[in-house]
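Asks: Sequence first, then the predicted structure, then my questions.
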Amino acid sequence: MAINKLHDTDDINGIKCAIVERNISYDRCVFLKNLLELNLYNVFIKPVDSKPTTSTESETNVNVLFILGVDNLLFNTTNALYGRAIKDHRGVAVSWDYWHQKIKSNTDYKPYFYKSIEYENN
């Protein structure tokens, strides 16, 4: 049972896991798996049980979606990203945009709450 909608748990291969993301593509699954394993999380993946909408096998293999989870039940994606707990291969905290693959390289050297405002001396 989840504490709230942001703290989702499920059984993956018989192991109780905190769900990181649901209904993700294979490429996204590989990206997140590599990133989380770099941060010493045990990652578990299972395909989503859904009926294919197309009849040809080559098209259904492309449309397979996955559920990705970690065995640390306290893991919460939002807390981990804004708490700067997840690092990339260079040791730099992962940004929200990098996590969602909106940018190709992680350049989050400033915290999310940092604003470069120049104050005027009155």
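Replies: Great, that's in hand.
Asks: Show me what the longest helix belonging to the chain is packed against.
Replies: Longest helix in the chain, counting residues (DSSP state H): helix 26-38. Under the contact definition 3 or more CB pairs under 8 Å, 6 or more residues apart in numbering; DSSP states H and E, helix 26-38 sits against strand 15-24, strand 43-47, strand 66-70. C-beta here means a position set from N, CA and C on the backbone, and glycine is covered the same way.
Asks: quick one: buried residues of that helix?
Replies: For helix 26-38, burial by neighbour count (16 or more other CB atoms under 10 Å) applies to Arg28, Cys29, Leu32, Lys33, Leu35, Leu36.
Asks: Same question for stretch 69-88.
Replies: In stretch 69-88, counting by 16+ other CB under 10 Å, buried: Gly69, Val70, Phe75, Asn76, Thr77, Ala80, Leu81, Ile86, Asp88.
Asks: ok so, going back, what's the distance between the longest helix of the chain and the middle of its chain?
Replies: Relative to its parent chain, helix 26-38 has a centroid offset of 8 Å by CA atoms, centre = their mean, to the nearest Å.
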